[in-house]
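# quick one, structure for this:
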Amino acid sequence: MASEHSFDVTSKMDMQELNNAINQTEKELANRFDFKGSRSSLSLEKDQLVVISDDEFKLKAVIDILQSKMAKRGISLKNLEFGKIEPAAQSTVRQSIALKQGIDQASAKKINTMIKDSKLKVSSQIQGDQIRVSGKNKDDLQKVIQLLKQADLPLDLQFVNFR
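Numbers count the residues shown, from 1 in each chain. Down below sits the predicted model:
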């Protein structure tokens, strides 16, 4: 049996589920009466979503539909970072929504500090866009997971590779 146990703290978005939520949103837009003849659309471009609609009101309605579909599929809305609404071609408006993947350095340092301040006998180190937490006692690792779940962080955290 290994004397050292560990797990990784990550923040990833399930891209397949996001694609499914986008497809469901597009289907609903095609079927809804208030969007008939509207130039509303969603597109996924690398690490951001681009939402285009006729006016600001319809843009917010499209985003609302998307958020409800994401919530039903278990995708956290914490991983979305909304840009400002800007005018686009043919008298439409556009909004970019950045998709946050991984833990940025500032949040990683904050999480590291929280773990150290908990006085549990574990060590944590930042490894790129994730954090590895290790310790001899599995119960201490479970307490760290509970601590991070209860903390109000601006990220959706997953706990993987528990060994």
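# please make it C-alpha for all contacts and neighbour counts, starting now.
Fine.
# for this protein, just list every one of the strands.
Assigned by DSSP state E, the chain shows strands spanning 5-10, 41-45, 48-53, 80-88, 92-99, 122-127, 130-135, 158-160.
# tell me the domain ranges of this structure?
What the record gives for the chain is the domain set 5-12+102-160, 15-99, from automatic domain parsing.
# got CSV for those, with mean pLDDT and mean neighbour count too?
As requested, the domains of the chain are exported to CSV (pLDDT from 0 to 100; neighbours: other C-alpha atoms under 10 Å):
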stretch, mean pLDDT, mean neighbour count
domain 5-12+102-160, 86, 16
domain 15-99, 88, 16
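# could you dump the strands of the chain into JSON lines with distance to residue 149 added?
Output for the strands of the chain, formatted as JSON lines (distance: least, C-alpha to C-alpha, whole Å):
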{"stretch": "strand 5-10", "distance to residue 149": "11"}
{"stretch": "strand 41-45", "distance to residue 149": "29"}
{"stretch": "strand 48-53", "distance to residue 149": "26"}
{"stretch": "strand 80-88", "distance to residue 149": "19"}
{"stretch": "strand 92-99", "distance to residue 149": "21"}
{"stretch": "strand 122-127", "distance to residue 149": "16"}
{"stretch": "strand 130-135", "distance to residue 149": "14"}
{"stretch": "strand 158-160", "distance to residue 149": "9"}
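# residues making contact with stretch 32-39?
Residues from elsewhere that reach stretch 32-39, judged by C-alpha atoms under 8 Å, 6 or more residues apart in numbering: 29, 30, 52, 53, 54, 92.
# show me the contacts for the first one.
To tie it back to what came earlier, the one meant is residue 29. 35, 40, 62 are the contacts of residue 29 under C-alpha under 8 Å, 6+ apart.
# of those residues, which is the nearest to residue 3?
residue 62 (51.6 Å; C-alpha to C-alpha).
# quick one, what contacts that closest one?
Counted by C-alpha under 8 Å, 6+ apart, residue 62 has contacts 25, 29, 40, 51, 53.
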